[in-house]
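Asks: Predicted model, plus sequence, below.
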Amino acid sequence: MSTVPVPADPAQLALRIRQLSREFGFQRCGFSGIELGEDEAHLRDWLGQGLYGTMQWMARHGDMRSRPAELLPGTVRVISVGLDYGHKDDLDAWETLATGERAYIARYALGRDYHKLMRGRLQKLAERIAAEVGPFGHRVFVDSAPVLERALARNAGLGWIGKHTCLIDRNGGSWFFLGEIYVDLPLPVDTPASAHCGSCTRCIEICPTRAITAPHRLDARRCISYLTIEHDGAIPLEMRPLIGNRIFGCDDCQLVCPWNKFAQRTDEPDFRARNDLDRATLAQLFAWEEDQFLRRTEGSAIRRSGHERWLRNIAVALGNAPTSVAVLQALASRRDHPSALVREHVQWALQRHTGQALERTVD
């Protein structure tokens, strides 16, 4: 990582970077140092308890995640940005969760995959900075490397880490994505955000699987987002009934957070729902064959889960749905699926509904 001369006025450069970040569509921008000692200890404890499930990459990188200069030598500051993705659809989200025949997909995944969008904008921001100060050492990150992005964003003043482990901005809630640029520019650092959760425990109480075992302590092995996205095997039997109709991620802890009444809403075209995913029924999505799944999820975060997990998740949701001919027919259509994983979840779902008498009505 190359070293650049100290800017004549680092404060003016910081101000200019904030202005440029807004030009590229980011609603938040802040600067932090690279000291993350307390967060490193918290991470070590979390890993030591095995709360990361099968996400081996969380443990594989060791302390690099909390030591930016080891990931990118020469780093002295981190530019953190936030991009709003929340729409005015909280009531629709609750309605979908209450309507068992419909599929619930985490709000962030309804539209285009944010990784490419944010990475592109951050890279352009870095290029604009270079155009003004000359070449400088940097690297752009959007959930793409071992980075403690929430801790860095907190230290940059973008928000505090809530009891549900999401970042919360008192003026903008939690419906926003994070991205970073590691730099060797000696920018002035911002004041870290202070916490304002107080005695509120709504996020802990609302969690369907009790994955938030204590304030700031998430057991990924119980988390619906982990189970439906990251976990690649059979979903534990005791977790299946608790998942409800959530087929990709979960937003309950954010939907219930009082600070999200201040959330900044966006109409970013790339984040609008595609393929009616905000209204589709479970049976409709379960009917997607692999080629259709790949076509309709092109450019979407959902594609990373793959078609097999997609069917596995929907089978569980169908098992939790109100019994109907449409639900039983959908499950029966996949009873002989080539994947043993899918077949097992379909069989579980059918057993949740009826005995052989009703099964014969859909054969």
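Replies: Cool, the structure landed.
Asks: Identify the residues contacting Gly172.
Replies: Gln27, Arg28, Gly82, Asp84, Gly159, Phe262, Ala263, Gln264 (C-beta atoms under 8 Å, 6 or more residues apart in numbering). Quick note: C-beta positions are derived from backbone N, CA and C, even for glycine.
Asks: which residues does the second one contact?
Replies: This means Arg28. When contacts are counted by C-beta under 8 Å, 6+ apart, Arg28 touches Ser80, Val81, Gly82, Leu83, Leu158, Gly159, Asp169, Gly172, Phe176.
Asks: Kindly confirm my reading that the third one is in a strand.
Replies: Yes. With DSSP: H, G, I helix; E, B strand; the rest coil as the criterion, Gly82 is assigned to a strand.
Asks: Would you mind measuring from it to Leu218?
Replies: Applying C-beta to C-beta, to the nearest Å, the value for Gly82 to Leu218 is 21 Å.
Asks: Looking at those two, which is more packed in?
Replies: Each of Gly82 and Leu218 has its neighbours counted (other C-beta atoms under 10 Å); Gly82 has more, 26 against 22.
Asks: List the beta-bridge partners for that one.
Replies: Judged by DSSP bridges, the bridge partners of Gly82 are Arg28, Leu178.
Asks: Now do it against Ser66, distance only.
Replies: To Ser66, Gly82 is 21 Å away according to C-beta to C-beta.
Asks: do the same with Gln329
Replies: Using C-beta to C-beta, Gln329 is found at 51 Å from Ser66.
Asks: Neighbour count: those two, which is higher?
Replies: The residue with more neighbours, out of Gln329 and Ser66, is Ser66; 25 against 15, by other C-beta under 10 Å.
Asks: Verify the contact between that one and Glu40 for me.
Replies: Yes. Using C-beta atoms under 8 Å, Ser66 makes contact with Glu40 at a distance of 3.7 Å.
Asks: picking that back up, from the contacts of Arg28, which is closest to Val325?
Replies: The closest of the contacts of Arg28 to Val325 turns out to be Phe176 (C-beta to C-beta; 41.9 Å).
Asks: Looking at the closest one now. What's its pLDDT?
Replies: We have a pLDDT of 96 for Phe176.
Asks: nearest spatial neighbour of it, skipping sequence neighbours?
Replies: Gly82 (4.3 Å; C-beta to C-beta, 6 or more residues apart in numbering).
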